[in-house]
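J.: predicted model and sequence below, questions to follow.
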Amino acid sequence: WVAVRESAIAMGLLVVFMLLGDKVLYLMRLSERSLEVAGGVIAFAAGSANQLMRSVIQNTGRLSASSITANGGCIELLAGTVKNNGTIEVNANGAVGNGGTVKVVADHVELGIKSDIQANAKTNGNGGSIQIWANEKASVAGHLSATGGAVSGNGGFIDTSAKQLVTLDPALKVDTSAKNGRYGQWTIDPLQLTVDAPSAALISSALQTTNVTLDATGSACVGGLANCQSTQTPLVNFLAGADITSSNPRTVLQVLATGGAINVDNHIQAGQVVMEAATISVRGSIGTTGGAGSAIVLLGGQINILGGLGSNGQTTSASSSANATGSNRRRRRDADGGLGSDNALYTSRGGSILIASTGDILIGSQATLTANGLDGGVITIVSQSGTVTQQGVVDAVGTQGQGGQVIDVGVLFPSPFCQCPGLCHDGGRKVRQ
């Protein structure tokens with residue numbers, strides 16, 4: 001062990017515990033004890049790659065590098081296995097200061113139900129950073145927070161990553177909120193991710209207090225650990241019935257599967273929804289919480305819309321929501337094949353929908369794309385080099401004011417059900433090839 005003097009701990013400078021030599025203690029326990037380095041650095045690591053893979057760090061106590069006068073400090077845990085069921089904190093507890101950094105790097109990471117990891121700013125400052133990186137598997141429970149200050153500041157960043165599998169406890173709490181600033185980001189990035197009902201409930205809850213990114217692109221190996229490789233194709237599947245619902249208009253759900261596929265068979269609602277993949281298929285629906293700032297963005301090589309996209313305005317409590325299922329507000333009438341009127345009682349203008357592809361775009365016969373509201377919103381459909389096949393309903397209706405816009409860019413096979421009328425002024429439809 002490297003010797004650490006009591007004076008170094010009290011001064012809040014640097015505390016390093018390192019495993020050295022061949023006769024190494026591979027299991028280190030921090031049991032119900034407190035180690036505090038005010039605003040400084042606490043680091044646990046092993047002396048070589050072989051020792052690192054066999055070492056275990058287990059914390060059930062309290063590790064603190066918080067500060068009441070400056071930014072929060074830094075705590076790093078580097079081992080073959082890291083288990084935490086205690087408190088790890090790098091808060092800025094004074095009038096001014098940003099949250100610090102917590103970094104956990106291991107082949108296997110286990111955060112138990114009593115795990116509490118904090119990188120918060122108390123008053124004026126940004127939330128810090130929490131990085132949980134597993135080169136094989138991670139199980140995440142307890143509480144993770146990187147909040148902005150109560151007076152000013154933005155939320156921080158939380159990353160729970162694993163090359164093979166990330167298991168999230170249904171009761172996990174994640175918070176990167178900011179009372180008077182921008183919300184922060186929580187990123188989950190295994191290579192393949194299936195969103196079932198418990199996962200959807202967890203994401204729904206998290207979207208109340210943080211932006212959420214589901215990233216299946218497969219980040220680079222971290223921390224110099226071995227056994228970190230994968231040949232899997234990025235894939236995110238949203239299962240039917242595993243609905244994601246958030247009422248917070250300030251948060252964003254981002255889904256990334258670059259070079260892979262995203263399949264949406266459920267209903268999704270968030271302030272904004274952004275998806276990017278080689279292939280995107282929407283058989284369920286995507287909606288927003290409503291309003292001019294609401295947006296749905298789909299970016300891919302091939303995009304198939306067989307369900308609904310709805311970035312409509314907010315509605316009064318007396319009217320049915322146009323957002324929860326992305327449903328169209330002017331569905332076809334069975335008798336004559338025309339469109340019924342939109343009877344929703346909107347309180348804001350429609351949002352925006354962008355569908356951009358390097359290849360083909362299919363909007364199926366049962367698909368609906370709507371950006372309706374007091375004033376109509378904007379729907380843009382762009383294909384760089386493919387074909388846009390439009391067989392569904394595309395609307396940007398203004399029920400009380402101006403109609404919106406529908407912009408098609410590509411080789412287009414249009415549908416007659418593509419309209420953007422308004423009570424006062426019609427909007428416009430632009431077709432470009």
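T.: Structure received. Residues are numbered from 1 along each chain as shown.
J.: can you give me the distance of the spatially closest residue to Ser311 that is not a sequence neighbour to Ala38?
T.: Of all residues not flanking Ser311 in the chain, Gly351 sits nearest, at 3.6 Å (C-beta to C-beta, 6 or more residues apart in numbering). The way it works is simple: take the backbone N, C-alpha and C, and place the C-beta from them, glycine included. Taking C-beta to C-beta, to the nearest Å as the criterion, Gly351 is separated from Ala38 by 46 Å.
J.: more neighbours, those two?
T.: Counted by other C-beta atoms under 10 Å, Gly351 and Ala38 do not tie: Gly351 has more neighbours, with 33 against 19.
J.: from what I can see Asn126 touches Ser152, true?
T.: No - counting by C-beta atoms under 8 Å, Asn126 sits too far from Ser152 to count as a contact (9.1 Å).
J.: any residues in contact with both of the two?
T.: The contact sets of Asn126 and Ser152 overlap at Gly181 (C-beta atoms under 8 Å, 6 or more residues apart in numbering).
J.: neighbour count for these two, which is higher?
T.: Between Asn126 and Ser152, counting by other C-beta under 10 Å, Asn126 is the more crowded of the two (27 against 16).
J.: give the rounded mean pLDDT of stretch 201-216.
T.: Per-residue pLDDT values across stretch 201-216 average out to 94.
J.: from the chain's centroid, how far away is that stretch?
T.: Going by C-alpha atoms, centre = their mean, to the nearest Å, the spacing between the C-alpha centre of stretch 201-216 and its chain's C-alpha centre is 5 Å.
J.: kindly state the pLDDT recorded for Arg5?
T.: At Arg5 the predicted local confidence, pLDDT, stands at 32.
J.: looks like the residue nearest to Ser311 contacts Gly293 (just checking).
T.: Yes - under the criterion of C-beta under 8 Å, Gly351 makes contact with Gly293 at 6.9 Å.
J.: now the helices: where do they sit in this protein?
T.: Counting by DSSP state H, residue ranges of the helices within the chain are 6-11, 49-54, 197-206.
J.: okay, now Gly401: neighbour count?
T.: Taking other C-beta under 10 Å as the neighbour definition, Gly401 ends up with a count of 16.
J.: flag the shaky bits of the stretch 251-400 of the chain, pLDDT-wise.
T.: By pLDDT under 70, the weakly predicted segments of the stretch 251-400 of the chain are 292, 317-340.
J.: one more time with 90
T.: Using pLDDT under 90 as the threshold, the predicted model of the stretch 251-400 of the chain has low-confidence ranges 289-293, 314-348, 365-366, 373-374, 376, 390-400.
J.: can you show me the strands along it?
T.: Counting by DSSP state E, counting those that start in this stretch, the stretch 251-400 of the chain has strands at residues 252-264, 267-270, 272-282, 285-288, 295-305, 308-310, 352-357, 361-363, 368-370, 378-390, 393-395.
J.: looking at these, which one is packed in the most?
T.: Neighbour counts (mean count of other C-beta atoms under 10 Å) averaged over each of those peak at strand 285-288, with a mean of 28.
J.: dump the residue contacts of the residue nearest to Ser311.
T.: Remark: with contacts taken as C-beta under 8 Å, 6+ apart, Gly351 is in contact with 288, 290-296, 311-313, 371, 373, 377.
J.: nearest to Ala278 among those residues?
T.: Distance ranking of these against Ala278, using C-beta to C-beta, places Ile296 first at 18.8 Å.
J.: residues in contact with the closest one?
T.: Applying C-beta under 8 Å, 6+ apart as the definition, the contact partners of Ile296 turn out to be Gln272, Val273, Val274, Ile286, Thr288, Leu309, Ser311, Gly351, Ser352, Ile353, Leu354.
J.: ok, now how distant is Val90 from Asn98?
T.: 10 Å.
J.: these two: which is more packed in?
T.: Taking Val90 and Asn98 together and counting by other C-beta under 10 Å, Val90 has the greater number of neighbours (32 against 26).
J.: pretty sure that one contacts Ala65?
T.: Yes - here Val90 lies in contact with Ala65, judged by C-beta under 8 Å, at a distance of 4.8 Å.
J.: any common contacting residues for these two?
T.: Counting by C-beta under 8 Å, 6+ apart, the residues touching both Val90 and Ala65 are Gly72, Gly73, Cys74, Ile75, Gly100.
J.: which residues does Val378 contact?
T.: Gly350, Ser352, Ile353, Ala371, Ala396, Gly404, Gln405, Val406, Ile407.
J.: what about 6 Å?
T.: Residues touching Val378, when contacts are defined by C-beta atoms under 6 Å, 6 or more residues apart in numbering, comprise Ser352, Gly404, Gln405.
J.: what does the model give the last one for pLDDT?
T.: Meaning Gln405. Confidence for Gln405, expressed as pLDDT, is 88.
J.: quick check: beta-bridge partners of it?
T.: Counting by DSSP bridges, Gln405 forms beta bridges with Val378, Gly428.
J.: run a quick neighbour tally on it.
T.: 18.
J.: roughly how far does it sit from Gly386?
T.: With distances defined as C-beta to C-beta, the gap from Gln405 to Gly386 amounts to 22 Å.
J.: now the second one
T.: Gly404 sits 25 Å away from Gly386, taking C-beta to C-beta as the criterion.
J.: and if you look at Gly310?
T.: Plainly put, Gly310 is 24 Å away from Gly386 if you go by C-beta to C-beta.
J.: next: Ala106.
T.: When Ala106 is compared with Gly386 (using C-beta to C-beta), they lie 44 Å apart.
J.: same question, Thr210
T.: When C-beta to C-beta is applied, the distance between Thr210 and Gly386 equals 35 Å.
J.: and for Leu111?
T.: With C-beta to C-beta as the criterion, Leu111 and Gly386 are 44 Å apart.
J.: cool, and Ile286?
T.: 21 Å.
J.: check Ile244 too.
T.: Counting by C-beta to C-beta, the gap from Ile244 to Gly386 is 29 Å.
J.: Gly184 now?
T.: 36 Å.
J.: enumerate every residue touching the residue lying closest to Ala197 once chain neighbours are set aside.
T.: Ranked by C-beta to C-beta, 6+ apart and with sequence neighbours excluded, the top spatial neighbour of Ala197 is Ala242, at 4.7 Å. For Ala242, the contacting residues are Val195, Asp196, Ala197, Ala200, Asn266, taking C-beta under 6 Å, 6+ apart as the criterion.
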